[in-house]
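A.B. asks: When you get a sec, could you give me coordinates for this:
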Amino acid sequence: MERKYISDESLKTFINQLNDEGRHVYAPVAKGEKTEFERVKSFDKISLDHIQTTQSIKAVAFPRTEKLFSYTKNKGDVTLEDYNPDLIPEMVVFGLHPCDAAGFKPLSNIFNWGTPDVPFNERRRRTTLIAMSCTQSDEFCFCTSVNGGPGNTAGSDILLTPIKDKNGYLVEVVSEKGQELVSKYAGLFGEAPDVDKEAYLAKLSRKFSLDDLRGKISHMFESEVWKKQSERCLGCGACAFVCPTCACFDIQEDTKGSKGNRLRCWDSCGFSLFTFHTSGHNPREVQSQRWRQRLLHKFSYMPERLSVVGCTGCGRCSRACPVDMNISDHLAEIADLSVVTTEKEK
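C.D. replies: Model (predicted):
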């Protein structure tokens with residue numbers, strides 16, 4: 001992995017030039033007490049003094065609402081206008097943290113399980129990720145518990161680590177996309193400083209053992225722990241909507257007269273209607289079953305079927321929860337169970 005250096009001023013020039021060449025640049029922007037990803041036209045709009053944005057950046061590849069195709073009905077005939085990937089612009093996401101960059105791997109595995117998803121793959125192909133290492137954290141961060149870290153390079157095309165005493169950033173060129181950009185703007189980059197990267201990163205201890213968690217959670221389908229942990233859950237779906245790896249969606253029809261669009265919209269397995277059958281039967285009729293599905297999906301089903309954990313430890317779900325459910329606490333509780341006791345065994 002090639003290492004470089006870029007100064008504060010050169011980084012500003014770099015991002016502004018990416019904008020000038022026509023790329024859509026998305027970056028964190030301060031909105032009162034919150035920070036959100038937005039398309040920016042100038043580096044001066046970007047905020048990097050935050051622990052975490054409220055929303056993840058997964059929407060660049062998996063939009064909240066996306067038109068899959070359009071149709072027109074005329075005297076029994078139907079004309080389809082298929083998805084046009086040529087309308088997707090070249091995009092750069094700047095300033096996302098390693099937990100967000102790592103989130104694109106689970107999403108990619110989901111959208112390429114079986115039939116590859118054209119909209120997702122085209123958006124991902126046209127997106128370059130310039131991530132920023134974390135120099136601070138809070139009580140909700142737990143990336144080190146799920147094989148991540150404040151300076152994790154996985155998923156990024158370029159990773160920047162702030163080196164304040166050098167008035168710039170250590171640059172790690174991770175992918176071919178990243179190399180192309182660094183080569184194109186070679187004049188803005190210098191030789192890497194002789195520094196210990198770890199000394200500049202946030203210090204984050206593990207909250208649980210992922211091996212212990214996975215070894216137990218797969219055998220807990222009938223456990224009483226789900227009811228206990230979900231007693232406060234409202235089923236509001238906030239956790240899924242801010243999550244960088246949640247990929248549940250619904251298909252809706254937007255019609256007017258003889259014309260219409262088929263839309264893909266975000267959904268959540270925590271919603272009471274998510275598994276509601278036309279017959280009136282709901283196989284997950286109570287919230288404890290839906291909470292169980294959320295954790296089993298991320299930490300049992302996805303590792304087994306897709307070879308990836310469905311969580312990056314960003315902590316957004318815990319920050320967004322209106323009833324203060326902390327997922328890392330619940331996961332630590334499961335990982336620390338000395339004996340897995342199920343209702344059937346009692």
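A.B. asks: and Asp196, what does it touch?
C.D. replies: Neighbour list for Asp196: empty [criterion: C-beta atoms under 8 Å, 6 or more residues apart in numbering]. C-beta here means a position set from N, CA and C on the backbone, and glycine is covered the same way.
A.B. asks: Just want to check the distance between it and Leu68.
C.D. replies: Shown here: Asp196 relative to Leu68, a distance of 48 Å by C-beta to C-beta, to the nearest Å.
A.B. asks: Might you report the residue contacts of Thr275?
C.D. replies: With C-beta under 8 Å, 6+ apart, Thr275 has these contacts: Cys269, Asn282, Pro283, Arg284.
A.B. asks: rerun at 10 Å
C.D. replies: Cys269, His281, Asn282, Pro283, Arg284, Glu285, Gln289, Arg290, Gln293 (C-beta atoms under 10 Å, 6 or more residues apart in numbering).
A.B. asks: same thing with Ile158?
C.D. replies: Shown in contact with Ile158 (C-beta under 10 Å, 6+ apart): 4, 6, 14, 92, 94, 101, 128-132, 169, 171-175, 177-179, 181-182.
A.B. asks: Buried subset of these, written for PyMOL?
C.D. replies: Buried residues within the contacts of Ile158, by 16 or more other C-beta atoms under 10 Å, are selected in PyMOL with:
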select buried, resi 4+6+14+92+94+101+128+129+130+131+132+169+171+172+173+174+175+177+178+181+182
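A.B. asks: what about the stretch 51-200 of the chain, any weak spots by pLDDT?
C.D. replies: For the stretch 51-200 of the chain, not a single residue meets the criterion pLDDT under 70.
A.B. asks: For it, just list every one of the helices.
C.D. replies: Using DSSP state H, counting those that start in this stretch, the helices assigned to the stretch 51-200 of the chain run over residues 98-102, 104-111, 118-125, 176-184.
A.B. asks: Burial check on Gln289, number of neighbours?
C.D. replies: Neighbourhood size, Gln289 [other C-beta atoms under 10 Å]: 17.
A.B. asks: if we can go back for a sec, Lys203 is nearest to which of the helices of the stretch 51-200 of the chain?
C.D. replies: With distances scored as C-beta to C-beta, the stretch of the helices of the stretch 51-200 of the chain nearest to Lys203 is helix 98-102 (14.8 Å).
A.B. asks: Could you pick out the longest strand of the protein?
C.D. replies: Determined from DSSP state E, the single longest strand within the chain is strand 65-74.
A.B. asks: how far out from the middle of the chain is that one?
C.D. replies: 27 Å (C-alpha atoms, centre = their mean, to the nearest Å).
A.B. asks: Please name every helix or strand in contact with it.
C.D. replies: Secondary-structure packing of strand 65-74 (3 or more C-beta pairs under 10 Å, 6 or more residues apart in numbering; DSSP states H and E): strand 77-81, helix 118-125, strand 249-256, strand 259-266.
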